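>>> how does the following fold in three dimensions:
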Amino acid sequence: MLVLLLSACTWISGEELAERLDGGKGAEACADVEDCATPGDDDCDGATDAEGALGCVTWRFDGDGDGFGTDATACWCAAQAASGYDAAVGGDCDDADAAVSPGAVERCDDTTTEGGRDENCDGLADDDVGAEAEGRVVYYPDADGDGYGDAASGGRPSCAVLEAPAWTLDASDCDDTSAGVAPGAQEGVADGIDQDCDGGEDCYVDADGDHHRSAESAHTVPSDDPDCDDLGETTSLVMDDCDDDDPAIPGVEAWDRRDNDCDGEVDDLDVVSAADGVLYGASASLGLGAGHMLSLGGDLDLDGLDDLVLLSEAGPAGVGWVVSGAAAVGASGAVEASASATLSGQASYPLAYVAGPMVDLVGDSAADLLVGGSSASYGRVWLLDGAGAVGAVSLASSYTARWEGDSADDRLRVAVTGDIDGDGVAEIVAGSAHDDHLGAFGEVAHSGSVAVFAADTWTGEHDPGDATDEVHGGASSDYLGQSVVVADVTGDGYADIVAGAPGVDGGAFDAGALYVLAGNSGLAWAVSGVAEAAMFQIAGDVASMALGDDPLPAPGDLTGSGRVSLAFTSSVTGEAWVYLDAVGRSGSVALAEADASWAGPAAGFATALACASDLDGDGVDDLVLGASGDATRAAAAGAVFVFPGGGAWTTGMSGADADGVFYGAAADDRLGAGLAGGGDLDGDGRGDLLLGAPGVDTEAADGGAVYVVRGR
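Below you'll find the model as predicted:
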């Protein structure tokens, strides 16, 4: 049969037939199993490295060609790209999508919370926890709904858009519990809260580091200290620092022409704490500190410091004390404890007036005392050698010279001194307010008089009959001589006499008047009537003003020109006036012509005046006004107002225009009932003051007090 087949077909040799029968191995035998490690068709089945061959590798079906196959496998010696079994690694969870495989990167492909593909076949898609899809955005919880989240929460990565206000992409909120705290918010100042989340705080400026906020501006300064404790910043909400260059301000008010306590007032002081010394009256109703019974200036004990004299009308003879300047500064207690001498007057002549500043009249270099006393009597003035003002001194028997009225009820008690005739030697001028003048038409009751005594009458006892000249009031009850002062107000080199007559009716009933009698070499005036003898007169212009009733202060140079100014008050109407320069004035001069004036509550303001002390050392004397009725601190506690000389004064001023104020400490102290200036108690070259408060009860009821205030 074989022969026939061969005979019918193309003839081949036996050798070729054998080769064909053994798979091309020629005469070699066929293997039982196909082997991937050897070439050719090992098992002579006509296929080389067929599926399942020895040493084959499991290949997975990779339908999408992404290198990762499915669970369908076949074992081949090599990858079978044509059939799709060419993936060595399985795990493809979507073999129809080449973008999905274990080797792919998980990406956000769905912005909703419902779907999304599992690109990396880890069983997690998009926002599944642990999916960590590429392209997710971190959202932060916004608990306070201000559009800013809290980075401290760690945030939430999400492919899906997480809606506001619960979520936000901005993690810069520093307090997610407060909608008012977020970047861009208005930063609060010095509240300890970082509202704008910039890591700092806005603090109030405190340039001097005293932890008080400046009252001069509302400026703030950025700080990285939320407590605002660093230098230059403060948390103070109150703008109470009126000087941000001085760490001592605000503080306790002091007399230094600054507003130390920042209350808007300069040198508004409680006199008790501000005074440099205080002398108290130790007996009930002594009334120490009354207006016409204080004298400051003149060195009685020759220690180089000015001294002071204080009087009281209490008792039948009155009493007085001499206190050295050294003892007065720093004193605190009853006046007796500091006094170097105690003075007494005599019955019917109680001590009531002391001249000041005191000068040397007897020629021994020590300043001397002129002390007056009267109730309803002749009146007396004693000259006491300052060197003898030691221990207990009764003026009834111990004096250098004495003057008294020449008739009952003359009340000669006011005496001052000055060089009226220009010879270099001072004269004494005495006022007798109740003197009855015998005029052309008979006696003129209580017209008053002013008498001038030359130096040769400075021993023994004298009355106006011994005067070099005497000038009388013009009408009944004029009371000329109720007040007297001597100074060169006309600028001609002669001291002039200024005398008050509170009963003059010229401007209005009992309006009063001041007369200026020009000094001259002869110590004489052509006529005895004061209205005709005076160079000029200033008349009151309101009924019962009683101009001239208040003590006239020692004049001072209030302009720095070298000339004294004429200053006076009416405690009845509560007014004060200053004529800065009286040169060239004559005739009748109106109060309206004054260069400066002050007014306050009637009967409570301008109760005393002092203008002979340069308190601030600028070469110009300063003006000080008392207001014993002032009720700023308490009813009738009183006050003293300081007005620096040389200032831009005008008419119509009040206590509110003062550069400094001393207030009484308690109701009814009546600080400012008496004032005295013109002396330097501590030798520092600046003038000092005495402030009287006769109602003080510290040592005894109405014992009074005199406060010592040094110039600053």
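>>> going forward, measure contacts between C-alpha atoms and count neighbours the same way
Noted.
>>> can you report how many residues lie near the closest residue to residue 700 other than its chain neighbours?
Computed as C-alpha to C-alpha, 6 or more residues apart in numbering, the closest residue to residue 700 that is not its neighbour in sequence is residue 284, at 5.0 Å. The local packing of residue 284 (other C-alpha atoms under 10 Å) involves 14 other residues.
>>> from what I can see residue 284 touches residue 698, true?
No. Residue 284 is beyond contact range of residue 698, at 10.3 Å (criterion: C-alpha atoms under 8 Å).
>>> poorly predicted segments of this structure, please.
1-28, 110-115, 216-218, 439-442 (pLDDT under 70).
>>> spatially central residue in it, please.
residue 262 (2.3 Å; C-alpha atoms, centre = their mean).
>>> report the contact partners of it.
By C-alpha atoms under 8 Å, 6 or more residues apart in numbering, residue 262 lies in contact with 240, 241, 242, 249, 250, 251.
>>> would a markdown table of those with neighbour count and distance to residue 329 be doable?
Converted to a markdown table, the contacts of residue 262 look like this (neighbours: other C-alpha atoms under 10 Å; distance: C-alpha to C-alpha, whole Å):
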| residue | neighbour count | distance to residue 329 |
| --- | --- | --- |
| 240 | 19 | 33 |
| 241 | 29 | 32 |
| 242 | 22 | 31 |
| 249 | 21 | 27 |
| 250 | 21 | 27 |
| 251 | 12 | 24 |
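>>> just put those in JSON lines and tack on secondary structure and distance to residue 148.
Listed next are the contacts of residue 262 as JSON lines, based on DSSP: H, G, I helix; E, B strand; the rest coil; distance: C-alpha to C-alpha, whole Å:
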{"residue": "240", "secondary structure": "coil", "distance to residue 148": "38"}
{"residue": "241", "secondary structure": "strand", "distance to residue 148": "39"}
{"residue": "242", "secondary structure": "coil", "distance to residue 148": "41"}
{"residue": "249", "secondary structure": "coil", "distance to residue 148": "44"}
{"residue": "250", "secondary structure": "coil", "distance to residue 148": "43"}
{"residue": "251", "secondary structure": "coil", "distance to residue 148": "46"}
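>>> show me which of those residues is closest to residue 582.
Nearest to residue 582 among the contacts of residue 262, counting by C-alpha to C-alpha, is residue 242 at 40.9 Å.
>>> was I right to think that closest one contacts residue 249?
Yes. If you go by C-alpha under 8 Å, residue 242 and residue 249 touch, sitting 7.2 Å apart.
>>> mind listing the helices for the stretch 151-300 of the chain?
271-274 (DSSP state H, counting those that start in this stretch).
>>> check contacts around residue 37.
Per C-alpha under 8 Å, 6+ apart, neighbours of residue 37: 54, 55.
>>> that's a strand at it, yeah?
No. With DSSP: H, G, I helix; E, B strand; the rest coil as the criterion, residue 37 is assigned coil and is not in a strand.
>>> separation between it and residue 49?
Using C-alpha to C-alpha, to the nearest Å, one gets 9 Å for the distance from residue 37 to residue 49.
>>> my read: residue 132 touches residue 108, true?
No. Using C-alpha under 8 Å, residue 132 is not in contact with residue 108; the gap is 9.2 Å.
>>> can you list residues touching both of those two?
The contact lists of residue 132 and residue 108 share residue 126, where a contact means C-alpha under 8 Å, 6+ apart.
>>> report the beta-bridge partner residues of the closest residue in space to residue 275 that isn't next to it in sequence.
The shortest distance from residue 275 to any non-neighbouring residue, by C-alpha to C-alpha, 6+ apart, is to residue 709 (5.0 Å). Beta bridges link residue 709 to residue 689, judged by DSSP bridges.
>>> on that earlier part again, any residues in contact with both of residue 37 and residue 49?
Joint contacts of residue 37 and residue 49 (C-alpha under 8 Å, 6+ apart) do not exist.
>>> list the contacts of the residue nearest to residue 185 when sequence neighbours are not counted.
Spatial nearest neighbour of residue 185, excluding adjacent residues (C-alpha to C-alpha, 6+ apart): residue 196 at 4.8 Å. Residue 196 is in contact with 181, 182, 183, 184, 185, 186, 187, counting by C-alpha under 8 Å, 6+ apart.
>>> surely residue 166 touches residue 143?
Yes. Contact criterion C-alpha under 8 Å: residue 166 and residue 143 qualify, at 6.4 Å.
>>> break down the stretch 251-400 of the chain into its strands, ranges please.
Counting by DSSP state E, counting those that start in this stretch, the stretch 251-400 of the chain has strands at residues 268-270, 277-280, 294-296, 308-312, 319-323, 332-334, 341-344, 351-354, 369-373, 380-384, 391-394.
>>> rewinding a little: residue 132 and residue 108: which is more packed in?
residue 108 (23 against 19).
>>> mind listing what that one touches?
Residue 108 touches 116, 126, 133, 134, 135, 136, 159, counting by C-alpha under 8 Å, 6+ apart.
>>> mind checking how far it is from residue 287?
101 Å.
>>> does residue 86 belong to a helix, a strand or coil?
Residue 86 falls in the strand class when you classify it by three-state DSSP.
>>> surely it touches residue 62?
Yes. Counting by C-alpha under 8 Å, residue 86 touches residue 62, with 6.4 Å between them.
>>> so the two - more neighbours on which side?
Comparing residue 86 with residue 62 by other C-alpha under 10 Å, the one with more neighbours is residue 62, at 28 against 24.
>>> rewinding a little: a markdown table for the strands of the stretch 251-400 of the chain, including distance to residue 224 and mean neighbour count?
Below are those laid out as a markdown table (distance: least, C-alpha to C-alpha, whole Å; neighbours: other C-alpha atoms under 10 Å):
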| stretch | distance to residue 224 | mean neighbour count |
| --- | --- | --- |
| strand 268-270 | 40 | 22 |
| strand 277-280 | 50 | 25 |
| strand 294-296 | 60 | 28 |
| strand 308-312 | 61 | 28 |
| strand 319-323 | 61 | 26 |
| strand 332-334 | 52 | 17 |
| strand 341-344 | 68 | 22 |
| strand 351-354 | 68 | 28 |
| strand 369-373 | 71 | 28 |
| strand 380-384 | 75 | 27 |
| strand 391-394 | 71 | 15 |
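>>> out of these, which gets nearest to residue 432?
Of the strands of the stretch 251-400 of the chain, nearest to residue 432 by C-alpha to C-alpha is strand 380-384, at 9.6 Å.
>>> show residues contacting the closest one.
Counting by C-alpha under 8 Å, 6+ apart, 349, 368-374, 395, 398-405, 411-415, 458 sit against strand 380-384.
>>> ok, stretch 319-326 next?
So stretch 319-326 is in contact with 300-301, 305-313, 335-336, 338-345, 350-351, 389, 680-682, going by C-alpha under 8 Å, 6+ apart.
>>> try 7 Å
Stretch 319-326 has contacts (C-alpha atoms under 7 Å, 6 or more residues apart in numbering) with 305-313, 338-345, 351, 681-682.
>>> could I get the phi/psi values of residue 317?
phi -120, psi -10 (degrees, to the nearest 10).
>>> ok, it - contacts?
With C-alpha under 7 Å, 6+ apart, residue 317 has these contacts: 344, 345, 346, 347, 348, 349, 350, 351.
>>> same thing but at 10 Å, please
343-352, 373-375, 394-396 (C-alpha atoms under 10 Å, 6 or more residues apart in numbering).
>>> before we move on, what about residue 701?
Going by C-alpha under 10 Å, 6+ apart, the list of residues near residue 701 reads 281, 282, 283, 284, 285, 286, 287, 694, 695.
>>> just put those in JSON lines and tack on distance to residue 381.
Compiled in JSON lines, the contacts of residue 701 are given as follows (distance: C-alpha to C-alpha, whole Å):
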{"residue": "281", "distance to residue 381": "24"}
{"residue": "282", "distance to residue 381": "26"}
{"residue": "283", "distance to residue 381": "25"}
{"residue": "284", "distance to residue 381": "26"}
{"residue": "285", "distance to residue 381": "24"}
{"residue": "286", "distance to residue 381": "21"}
{"residue": "287", "distance to residue 381": "21"}
{"residue": "694", "distance to residue 381": "23"}
{"residue": "695", "distance to residue 381": "27"}
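>>> residue ranges of the helices in the stretch 451-600 of the chain, please?
Going by DSSP H, counting those that start in this stretch, the stretch 451-600 of the chain shows helices at 530-533.
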